[in-house]
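A.B. asks: model this:
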Amino acid sequence: MITKLSLVTILVRDQDEALRWFTETLGLRKLQDASYGKGGRWLVVTPHDQSDFGIVLQKPDVEEHGAESARLKMEQIGKGTTWVFRADNLDETYETLSARGVKFLSPPKALPWGRQAIFEDLYGNRYALMGK
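C.D. replies: Modelled structure (predicted):
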């Protein structure tokens, strides 16, 4: 039986660039960073207060995925599904992240399931930020 979700993968063009954005701009922390195989890198970030869940920042790699698969994965960058982050204070977090250059597509607004704002990462993937 499935008991919990532990990781999600976001495809990125540059892992160092993505790591800087997710840690310095969004304020997440690096959970894991390990090399493997011929130039592969396992890179995971997570919110500061959460260690049982992570976001894998994966760069499609020819050695790992094969040329055609890596090419197809590169075409998927920025076309992922929407992930949802929670914030203690939505308005304050929105202002902080906006000041750091995060591109918001919508400001905080009330919806039937709660208050949320939508933003994009540096590759065009969308995220909902929810909170009070």
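A.B. asks: Now do the contacts for Y36.
C.D. replies: If you count contacts by Cβ atoms under 8 Å, 6 or more residues apart in numbering, Y36 has them with W42. In this view, the C-beta of every residue, glycine as well, is placed from N, C-alpha and C.
A.B. asks: Show me the helices in this structure, by range?
C.D. replies: 15-20, 62-65, 67-76, 90-99 (DSSP state H).
A.B. asks: and stretch 46-66, how far apart are its ends?
C.D. replies: Taking Cα to Cα, to the nearest Å, stretch 46-66 runs 28 Å from one end to the other.
A.B. asks: Give me the average confidence score over that stretch.
C.D. replies: For stretch 46-66, mean pLDDT is 91.
A.B. asks: Could I get the buried residue list for it?
C.D. replies: For stretch 46-66, the neighbour count (16 or more other Cβ atoms under 10 Å) marks 46-47, 54-61, 64-65 as buried.
A.B. asks: what does stretch 11-27 give?
C.D. replies: Quick answer for stretch 11-27 (16+ other Cβ under 10 Å): 11-12, 18-19, 21-22, 26.
A.B. asks: now do stretch 81-95
C.D. replies: Neighbour counts over stretch 81-95 (16+ other Cβ under 10 Å) mark 85, 87, 90, 93-94 as buried.
A.B. asks: Next: stretch 122-132.
C.D. replies: Within stretch 122-132, judged by 16+ other Cβ under 10 Å, the buried ones are 122-123, 125, 127-131.
A.B. asks: Between all of those residues, which two are separated the most?
C.D. replies: Using Cβ to Cβ, the buried residues of stretch 122-132 span at most 23.9 Å, a distance reached by Y123 and G131.
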